[in-house]
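**Student:** Next input, structure requested:
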Amino acid sequence: MTKPRQEHGGGTSAAADKQRKIQHEQDALDHAQAKEGAAKGKSKPPVQAGTREHPAELPAQHLQKPGDESALQLKPQFLAPDYEGSHKLRDCVALVTGGDSGIGRAVAVLYAREGADVAIVYLSEDRDAQDTKRCVEAEGQRCLLIAGDVKDAAFCQMAVDKTVQEFGRLDVLVNNAAFQEHSRSIHDITEERFDETLRTNVYGYFHMAKAALPHLKRGAAIINTGSVVGLEGRRNLLDYATTKGAIHAFTKSLAHELLDQGIRVNAVAPGPVWTPLNPADAPADKVAEFGKHSDMGRAAQPEEISPAYVFLAAPVCSGYISGIVLPITGSIGAI
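**Tutor:** Prediction:
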């Protein structure tokens, strides 16, 4: 004998039928859209949401470390011509590590546009550093170049002392210098290589902050450059991602320590940005695809990141903000 169909209360059968109908309608739409996309033979265009268009295609180029910006076939956009200064950092002094190129250069230019004198710490890229100095001076501010290795605590102390001697004070420290090299496996990372990444990216920030703190007064700011890979991890950047995660924790911990002194500590976590760092890491074919995995479908230009450093440096903008890691990743839901 056939078992009678069991009825459920509340019209559940009708509700299930309605849900299946909605599903079938959406399946038909998905199928039509898939066919339309295949016919076009291309993916969606990269997103442009700023005041001017930024490059979507990058050259397949590999640079020798440490990576000179002057050698890039496609020059990064860092001048932010639509950004107008409004004296947010008037009479301030900023020290920017890794300030010769990339994000550091873009930050130095905007700090100068906002009225700050800028000291640039860099490793050995003299031509890039001179170009940055000319750009800072073109904004009407003074620029001091200091070459050396942030892994060395004595050098970091010297760089801070020289900055204070030259300009008379220090108000903003931007820790930005970094070393990055990809790997296929943890087994490819030697202890020497892990040590180089850790000492540059974490010890360098620690040494600079420790040297700068005696000169920082209430209202001063420390801004650390983290990374989206420190938030999400990255299989081929194990050592680099490890250091960026450490920088995020360092930022929050130091923010707790310095809060009562009125010194703010924050970090910016960029996603893919067109700077010498990545062409000096990845093979040329990978560089050409750099940033296309982001939701915006392209890498950022340094001038799209640098205004965040102004925001976090200026007390008039962020006097109530400390201990944050600000993701600027070109993707939704980075944290």
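**Student:** what's the spacing between the most centrally placed residue in the chain and residue 140?
**Tutor:** The C-alpha lying nearest the average C-alpha coordinate of the chain belongs to residue 270 (CA atoms, centre = their mean; 2.6 Å). Residue 270 is 28 Å from residue 140, where distance means CB to CB, to the nearest Å. C-beta: built from backbone N, CA, C; applies to glycine.
**Student:** circling back: bridged to the residue nearest to the centre of the chain, which residues?
**Tutor:** residue 328 (DSSP bridges).
**Student:** measure it to residue 144 for me?
**Tutor:** 25 Å.
**Student:** Ok, residue 190 next?
**Tutor:** Following CB to CB, the distance that separates residue 190 from residue 144 is 36 Å.
**Student:** quick one, which of these two is more surrounded?
**Tutor:** Neighbour totals were compared for residue 190 and residue 144, and residue 144 leads with 19 against 10 (other CB atoms under 10 Å).
**Student:** give me the element that one is part of.
**Tutor:** In the assignment (DSSP states H and E), residue 144 maps to strand 143-147.
**Student:** And the next helix or strand after that strand, what does it pack against?
**Tutor:** Moving toward the C-terminus from strand 143-147, the next helix or strand (DSSP H and E) is helix 153-167. Under the contact definition 3 or more CB pairs under 8 Å, 6 or more residues apart in numbering; DSSP states H and E, helix 153-167 sits against strand 93-97, strand 117-122, strand 143-147, helix 204-212.
**Student:** and helix 153-167, average pLDDT?
**Tutor:** Averaging pLDDT along helix 153-167 yields 98.
**Student:** Check what pLDDT residue 19 gets.
**Tutor:** Residue 19 carries a pLDDT value of 69.
**Student:** let me redo that: residue 66
**Tutor:** Residue 66 is given a pLDDT of 65.
**Student:** Settle this for me: residue 171 is touching residue 95, isn't it.
**Tutor:** No. Using CB atoms under 8 Å, residue 171 makes no contact with residue 95, being 9.2 Å away.
**Student:** Where in the chain is the helix or strand with the lowest mean pLDDT?
**Tutor:** In the chain, the helix or strand scored least confidently by mean pLDDT, DSSP states H and E is helix 284-287, which has a mean of 62.
**Student:** now for the very next helix or strand once past that one, which elements pack on it?
**Tutor:** Sequence-wise, the next helix or strand downstream of helix 284-287 (DSSP H and E) is helix 306-313. Counting contacts by 3+ CB pairs under 8 Å, 6+ apart, helix 306-313 is packed against helix 102-113, strand 172-175, strand 221-225, strand 264-270, helix 315-318, strand 325-328.
**Student:** Now do the same for helix 306-313: mean pLDDT, whole number.
**Tutor:** Mean predicted confidence for helix 306-313 is 97.
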